[in-house]
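Engineer: Give me the fold of what follows.
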Amino acid sequence: MQLNSEQIERIVRLVVQQVRTLAKSSETTVSLAPSVEISTDGSEVALADRVVTMETLEGKIGGAKALVVSPTAIVTPAVRDALRDRGVQLRRDSEAAQRAKKPVEVLAFAASGVTSWRERGPVGVFIDLTSTVKQAALAVQQDKIVVLLTESPEAACCAANRDTEIRAVSVDSIATLERVLPQTAANVIAVDPSKIARDEIAKFIETIHLYQTVAAPAALLR
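Structural biologist: Now for the predicted structure:
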């Protein structure tokens with residue numbers, strides 16, 4: 001059976017809504033700003049989303065003449081039709097898409113010293129590793145990057161990497177983060193919060209965004 005663009009859009013929208021509904025069912029889900037950047041003159045909108053649907057675009061295009069997405073982003077047929085009808089050019093540019101920062105969700109399990117992280121935004125606190133990994137998986141499905149604060153980052157990585165969508169790494173410094181992200185394209189970063197000073201947190205997040213469009217090595221894809 002061949003599906004038309006409206007049917008494909010409906011299916012994608014339902015899947016996205018299901019993922020969001022699951023995420024909202026968790027009491028400690030953290031919602032951050034959407035991954036979008038609009039140029040100074042409003043002529044270009046860049047998205048870091050992995051899947052671009054009509055719902056994704058809602059309220060974001062305005063008078064823009066170009067929509068920029070990453071080279072690997074999935075753009076639904078309905079979006080392509082809508083852009084063509086409005087005379088908006090679709091471009092794929094990893095550097096431009098990178099400027100549209102992916103949301104970073106911060107979770108904590110068995111960790112002290114998370115107060116400084118709360119100063120930059122919400123932190124979802126969990127009482128067990130299983131529920132923490134479950135929330136991390138939901139965040140990854142929403143194309144977010146997860147920072148997992150825990151005093152046992154290695155164990156957290158072992159548990160998280162049992163999920164086929166997660167590529168978790170353990171780091172203990174910004175230098176380590178800069179080394180492992182280009183090699184792994186990790187979407188879950190486990191770190192002991194005591195290892196990152198208060199004045200290093202902003203740099204830590206900036207480093208994550210710097211490498212957010214790196215493609216995962218084929219050997220790590222399942």
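Engineer: Show me where the chain has its helices.
Structural biologist: Applying DSSP state H to the chain gives helices spanning 5-24, 54-57, 77-86, 94-99, 115-118, 129-141, 153-160, 174-184, 201-210.
Engineer: Least reliable of these by average pLDDT, please.
Structural biologist: Sorting the helices of the chain by mean pLDDT places helix 5-24 lowest, at a mean of 58.
Engineer: Switch the helices of the chain over to TSV; also include mean neighbour count and distance to Ala64.
Structural biologist: From N, CA and C alone the C-beta is placed, and that goes for glycine too. Compiled in TSV, those are given as follows (neighbours: other CB atoms under 10 Å; distance: least, CB to CB, whole Å):
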stretch	mean neighbour count	distance to Ala64
helix 5-24	14	20
helix 54-57	18	10
helix 77-86	15	9
helix 94-99	17	13
helix 115-118	14	34
helix 129-141	21	27
helix 153-160	20	37
helix 174-184	15	30
helix 201-210	16	22
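Engineer: of the ones you listed, which approaches Ser70 most closely?
Structural biologist: helix 94-99 (4.0 Å; CB to CB).
Engineer: To Ala218, which of the helices of the chain lies closest?
Structural biologist: The nearest among the helices of the chain, by CB to CB, is helix 174-184 at 12.3 Å.
Engineer: Tell me what angle that closest one forms with helix 201-210.
Structural biologist: 10 degrees (axes from the mean of the first three to the mean of the last three CA atoms, to 10 degrees).
Engineer: can you redo the helices of the chain as CSV with distance to Val68?
Structural biologist: Shown next, in CSV, are the helices of the chain (distance: least, CB to CB, whole Å):
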stretch, distance to Val68
helix 5-24, 20
helix 54-57, 13
helix 77-86, 12
helix 94-99, 4
helix 115-118, 31
helix 129-141, 23
helix 153-160, 31
helix 174-184, 22
helix 201-210, 16
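Engineer: so which of those helices gets nearest Glu44?
Structural biologist: Here helix 94-99 is closest among the helices of the chain (CB to CB), at 7.6 Å.
Engineer: so which of the helices of the chain comes closest to Val106?
Structural biologist: The nearest among the helices of the chain, by CB to CB, is helix 115-118 at 5.8 Å.
Engineer: returning to that earlier point: among the helices of the chain, which is nearest Arg167?
Structural biologist: Using CB to CB, the nearest of the helices of the chain to Arg167 is helix 174-184, at 5.7 Å.
Engineer: so what does that closest one touch, helix or strand wise?
Structural biologist: Packing partners of helix 174-184 (3 or more CB pairs under 8 Å, 6 or more residues apart in numbering; DSSP states H and E): strand 168-171, helix 201-210.
Engineer: Take those and write them to TSV, including distance to Leu138.
Structural biologist: Converted to TSV, the helices and strands packed on helix 174-184 look like this (distance: least, CB to CB, whole Å):
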stretch	distance to Leu138
strand 168-171	14
helix 201-210	18
